[in-house]
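>>> Sequence and predicted structure, then a few things I'm wondering about:
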Amino acid sequence: MTDKPVASHPAHSLPVGSRSDHLDLAPRSIPPIPPGAVPVMEAINISKGFGATTALVDVSLKAYAGRILALLGDNGAGKSTLIKIISGVFPPDRGELRFRGQPVRFASPAQARGRGIATVFQDLAVCELLSVTRNVVLGREPQKGIGPLKWFDLKRADEMARSALHRLGVRWERGLEERGVNISGGERQSLAIARAMFFGSSLLILDEPTSALAVRQAGRVLEHIARARDEGQAVILITHNFRHALSVADDLTILAQGRVVGNFRRDETDLEALTELVASVA
Amino acid sequence: MAETPEDATIPAGPSRGIIIGEALRRFMLRPEATALAAVVVLFVIFTILSPDLFPERLTYISIMNVAAELGIMSIGVTLLMIGGHFDLSVGAVLGLTSYVAVVLMRDFGMSPIVAASAAVVAGAILGGVNGVLVVRFRIHSFVVTLGTMLIWRGVLIALTGGFPLTVETPAAFKTIMAGPVLNGFRMSMIWFFVIGIIVTFLLARTKFGNWVQACGQNPQAARNLGVPVDRVTIILFMIASALAAVSGVIQVARFASVDALRGEGMELQAVAVTVIGGTLLSGGYGSVIGTILGAITFGMIQVGLVLAGAPGHFFRTLTGLIVVLAVILNTDVARRLARSRPLAGFRRSSAAADAAIVGIKEETDPTAEEEPTRDGVTRLGEPQG
């Protein structure tokens, strides 16, 4: 870390050192959901139990294109179960998922992926010893070749990685051959988001993308999530950090003990009200 | 990922000292560095120990002989280890597939080409069994292949009754698989290099190779991104055993026989060769070129010690020492170096390339490029609203 004045980084709008808990995101007035808009993903009265434990009871949510839905709740509130159902890891016991208005049943995560549902899990974003490029194109490697003989198009892959990062507003100062071990936690999340967007996801699900990050890095990742939203992605942001949710989300759904206890637009609520609400149910 | 040597000779700028330093740094980052160092150091030592006998063409031929037969099998083990798995059964697979080749030629009168192909297919099937067991039952490959090693070996002993089986093979078969071709160097060496080149290409320059590395590093992430991890794993086991069968066929061509203990112990030698070659035991990272050098190291120790008149047991001790040393170098030093930064003058920024692609003029800040920080690499998007 250098102690050069911040002014020499005009591109970095985040304050360094001061107000360490403040996330300086540009305020955004929340547009209303246009009448007749169909959610990219809608969960209707989802219930799920594991043996004797009930994980979810009649949970509903709607994720629209160009909006960030924050899914809030304490540990054990059912957030993970819900996103695993949406991303096809397991089916719900009762209830229905609708993708762009059509009822869907995912038999596997691959089927959900096929619909453009990209889930970024907190610890599972990056292969540590692969280069940035190889990480970005993993699973969608560009190929060239003669007839049936095909090989990995490294040059094209570099271009893809570069434009994927660019689209998210990430400028990679180091070479794209940098390995995953040298990438910070925040960069990993951003890389995973860039990857998901670049390969045409329609719904981006982010599982606690900021929980393991320092404030400054968390701010960057939130900026990148906002950028994904502005590019027209539907985003579901799972977090237990109300502050982070309030700084980027358009809509908030609060889960407690497997039930939805509140649905808000961000400008209808604030930190205090949310804290009180969650404290009252717990 | 691979640094080409050309990168180290960018014209103008850094002094010669820095160019050499940077080239050395990059070389040390390669997984093959240790194995190459071992080859050079051992060559010097053995030449000093037996100056009349060691630096001779016949010696090199013997070394390559040992290296090729062990090395072809080790290449498969390397690929599998990069994919995150072990195979202890390859030695037994070599024995059993050799038996298949010999019996098909001797008792069924098949042509050597058909018999050899059948042996390789049999190897792939045996490997497929390993792979399916590992993938289906989620058992560690170490345990699965320990089991199949004992099973295949038991079957081989039962089939041969413990006696060697000999077979008459046409001269052409021997020539194609293991005969002397280049100045006395054997065909097995050619096969070894050809297979090495093909598998290196597969690993570094194909989609499958990327998947193999990803599977070895973070199978869950790979799966999340749509990599068919289970299928890749099964294919890797099949390749490992098929290459073991190729080694077996070469030995059949050379000895015109098979016996119950053929290939025994080679599975561990293959692991040793792979590790000397810079492949991480933990998977995800490694090099086939390193394995080729590792196999040559192995051959040099074996032949060199004989020529130096050392007692036979020295072989194991010295091999063991080199394995331990190689692991220390490969894991510890490489880990530190991997986090090291290029020397001044070689730090490059992708900003210019970014600008070229996106078609915008980037404002570059040279001081920022000089000292990139761990987290100071992203440029925030334009303020919205």
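In hand now; what should we look at?
>>> end to end, how far does stretch A:89-98 reach?
16 Å (CA to CA, to the nearest Å).
>>> What residues of it count as buried?
Across stretch A:89-98, burial judged by 16 or more other CB atoms under 10 Å in any protein chain shown covers A:P92, A:G95, A:L97, A:R98. To be clear about C-beta, it is placed using only N, CA and C from the backbone, and glycine gets the same treatment.
>>> Does the residue in chain A positioned nearest to chain B fall in a helix, a strand, or a coil region?
Residue nearest to chain B within chain A (CB to the nearest CB): A:G169, separated by 3.3 Å. What DSSP: H, G, I helix; E, B strand; the rest coil gives for A:G169 is coil.
>>> unless I'm mixing things up, it is touching A:A228, no?
No: A:G169 is beyond contact range of A:A228, at 9.9 Å (criterion: CB atoms under 8 Å).
>>> Between the two, which is the more surrounded one?
A:A228 (25 against 21; other CB atoms under 10 Å in any protein chain shown).
>>> Might you report the residue contacts of that one?
A:L168, A:I193, A:M197, A:L204, A:V235 (CB atoms under 8 Å, 6 or more residues apart in numbering or on different chains).
>>> circling back: can you list the buried residues of stretch A:89-98 in a markdown table and add pLDDT, secondary structure and distance to chain B?
Putting the buried residues of stretch A:89-98 into a markdown table (pLDDT from 0 to 100; DSSP: H, G, I helix; E, B strand; the rest coil; distance: CB to the nearest CB, whole Å) gives the following:
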| residue | pLDDT | secondary structure | distance to chain B |
| --- | --- | --- | --- |
| A:P92 | 92 | coil | 20 |
| A:G95 | 92 | strand | 24 |
| A:L97 | 93 | strand | 19 |
| A:R98 | 93 | strand | 23 |
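>>> Can you tell me which of those residues is nearest B:G196?
Nearest to B:G196 among those: A:L97, at 49.8 Å, using CB to CB.
>>> Please look at that closest one and A:M41 and confirm they touch.
Yes: in this structure, A:L97 is within contact of A:M41 by CB under 8 Å, at 7.0 Å.
>>> so what's in contact with those two at the same time?
With CB under 8 Å, 6+ apart as the test, A:L97 and A:M41 both reach A:I86.
>>> elements contacting the one helix or strand B:G320 maps to?
Applying DSSP states H and E as the criterion places B:G320 in helix B:314-328. When contacts are defined as 3 or more CB pairs under 8 Å, 6 or more residues apart in numbering or on different chains; DSSP states H and E, helix B:314-328 packs onto helix B:33-49, helix B:266-276, helix B:288-307.
>>> Of those, which is nearest chain A?
helix B:288-307 (14.6 Å).
>>> So which elements touch that closest one?
Against helix B:288-307 (3+ CB pairs under 8 Å, 6+ apart) you get helix B:33-49, helix B:57-82, helix B:187-205, helix B:266-276, helix B:314-328.
>>> quick one: the shortest one to helix B:57-82, angle?
Same thing as helix B:266-276. Counting by axes from the mean of the first three to the mean of the last three CA atoms, to 10 degrees, helix B:266-276 lies at 90 degrees to helix B:57-82.
>>> Tabulate the helices and strands packed on helix B:288-307 in CSV, adding columns for mean pLDDT and mean neighbour count.
CSV is the format used below for the helices and strands packed on helix B:288-307 (pLDDT from 0 to 100; neighbours: other CB atoms under 10 Å in any protein chain shown):
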stretch, mean pLDDT, mean neighbour count
helix B:33-49, 92, 18
helix B:57-82, 95, 25
helix B:187-205, 95, 19
helix B:266-276, 94, 26
helix B:314-328, 87, 15
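>>> Columns distance to B:P228 on top of those, output as a markdown table?
Below are the helices and strands packed on helix B:288-307 laid out as a markdown table (distance: least, CB to CB, whole Å):
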| stretch | distance to B:P228 |
| --- | --- |
| helix B:33-49 | 32 |
| helix B:57-82 | 16 |
| helix B:187-205 | 16 |
| helix B:266-276 | 24 |
| helix B:314-328 | 31 |
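>>> And these: which comes nearest A:A55?
helix B:57-82 (38.3 Å).
>>> Moving C-terminal from the closest one, which element do we reach first?
Next element after helix B:57-82 (DSSP H and E): helix B:90-106.
>>> Can you name the next helix or strand after that following helix?
Counting by DSSP H and E, what follows helix B:90-106 is helix B:112-137.
>>> Mind giving me the packing neighbours of the next helix-or-strand element following that following helix?
Using DSSP H and E, the next helix or strand after helix B:112-137 towards the C-terminus is helix B:141-160. With contacts defined as 3+ CB pairs under 8 Å, 6+ apart, helix B:141-160 has these neighbours: helix B:90-106, helix B:112-137.
>>> average pLDDT for the following helix or strand past helix B:141-160?
Once the chain leaves helix B:141-160, the next helix or strand it forms, by DSSP H and E, is strand B:165-166. On average, the pLDDT along strand B:165-166 is 93.
>>> what does whichever helix or strand comes after strand B:165-166 rub up against?
Downstream of strand B:165-166, the first helix or strand assigned by DSSP H and E is helix B:171-178. Residues external to helix B:171-178 that are found in contact with it (CB under 8 Å, 6+ apart): B:112-113, B:116, B:179, B:181, B:186-188, B:191, B:249-254, B:256.
>>> quick one, helices of the stretch 151-282 of chain A?
A:154-167, A:185-198, A:215-230, A:242-248, A:271-281 (DSSP state H, counting those that start in this stretch).
>>> so B:W152 makes contact with B:L88?
No: with contact defined as CB under 8 Å, B:W152 does not reach B:L88; the gap is 10.5 Å.
>>> Looking at these two, which is more packed in?
B:W152 (26 against 22).
>>> which residue packs closest to that one, ignoring adjacent ones?
B:A92 (3.7 Å; CB to CB, 6 or more residues apart in numbering or on different chains).
>>> how about low-confidence regions in chain B?
B:1-13, B:333-385 (pLDDT under 70).
>>> re the thing from before, may I have the helix holding B:G320 exported as CSV, CA atoms only?
Output of helix B:314-328 as CSV, limited to C-alpha atoms (Å, rounded to 0.1, in the frame of the first residue of the first chain):
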residue,chain,number,x,y,z
PHE,B,314,22.3,-46.9,-3.4
PHE,B,315,19.8,-46.6,-6.1
ARG,B,316,16.8,-46.5,-3.8
THR,B,317,18.5,-44.2,-1.3
LEU,B,318,19.6,-41.7,-3.9
THR,B,319,16.2,-41.7,-5.6
GLY,B,320,14.5,-41.2,-2.3
LEU,B,321,16.8,-38.3,-1.5
ILE,B,322,16.1,-36.6,-4.8
VAL,B,323,12.4,-37.1,-4.4
VAL,B,324,12.4,-35.4,-1.0
LEU,B,325,14.7,-32.6,-2.2
ALA,B,326,12.5,-32.1,-5.3
VAL,B,327,9.4,-31.8,-3.2
ILE,B,328,10.9,-29.3,-0.9
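>>> Helix B:266-276 and that helix, what's the angle between them?
Using the same axes, to 10 degrees: helix B:314-328 against helix B:266-276 is 40 degrees.
>>> Cool, thanks, signing off.
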